[in-house]
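**Q** Task: produce atomic coordinates for the following.
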Amino acid sequence: MKVTLETHGGLAGGLRLGGRPVVLDAARLPEDDARTLGDLVAAARAEPAPQSARRSAPDAMSYTVTVEDGSASDVLHRSDDGMTPAFAALLDWLGGREPVG
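**A** This is a model prediction of the structure:
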């Protein structure tokens with residue numbers, strides 16, 4: 001499984017223009033980390049996306065997590081104003097990792 005995290009927008013959005021996404025290949029992670037990543041991805045996939053915010057949030061960050069698992073691919077989109085607990089846990093975990101893959 002390969003997981004890619006891209007961030008967009010926010011107050012410092014212009015500073016990230018041209019920035020590289022975080023890419024992790026579970027096959028290159030230690031076994032415990034690969035298992036944790038799989039569990040976090042499964043939990044984020046299982047939670048329904050919240051409905052869009054009713055008011056505009058121009059400074060909110062948005063996140064795209066692309067999960068490639070064999071021939072299947074899944075894309076999860078969330079933002080600061082529509083974050084689920086499981087997606088937040090996945091972001092926190094991904095944010096603390098060095099790209100591997």
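**Q** Quickly note the distance from residue 39 to residue 21.
**A** Per CB to CB, to the nearest Å, residue 39 is found 21 Å from residue 21. Any C-beta I mention is one placed from the backbone N, CA and C, and that applies to glycine too.
**Q** now the end-to-end length of stretch 72-90.
**A** Terminal residues of stretch 72-90 lie 19 Å apart, using CA to CA, to the nearest Å.
**Q** Does the helix ranked longest in the chain pack against any helices or strands, and if so which?
**A** Assignment by DSSP state H gives helix 31-46 as the longest helix of the chain. Counting contacts by 3 or more CB pairs under 8 Å, 6 or more residues apart in numbering; DSSP states H and E, helix 31-46 packs against strand 61-69, strand 72-79, helix 85-95.
**Q** Make JSON lines out of these and add mean neighbour count.
**A** Supplementary listing: the helices and strands packed on helix 31-46 in JSON lines, determined by neighbours: other CB atoms under 10 Å:
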{"stretch": "strand 61-69", "mean neighbour count": "18"}
{"stretch": "strand 72-79", "mean neighbour count": "14"}
{"stretch": "helix 85-95", "mean neighbour count": "17"}
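**Q** Let's have those in a markdown table, adding distance to residue 9 and mean pLDDT.
**A** Putting those into a markdown table (distance: least, CB to CB, whole Å; pLDDT from 0 to 100) gives the following:
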| stretch | distance to residue 9 | mean pLDDT |
| --- | --- | --- |
| strand 61-69 | 5 | 92 |
| strand 72-79 | 8 | 91 |
| helix 85-95 | 14 | 93 |
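**Q** would you turn those into a markdown table with distance to residue 4?
**A** As requested, the helices and strands packed on helix 31-46 are exported to a markdown table (distance: least, CB to CB, whole Å):
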| stretch | distance to residue 4 |
| --- | --- |
| strand 61-69 | 4 |
| strand 72-79 | 9 |
| helix 85-95 | 9 |
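**Q** Out of those, flag the one nearest residue 49.
**A** strand 72-79 (6.9 Å; CB to CB).
**Q** Many thanks, we can stop here.
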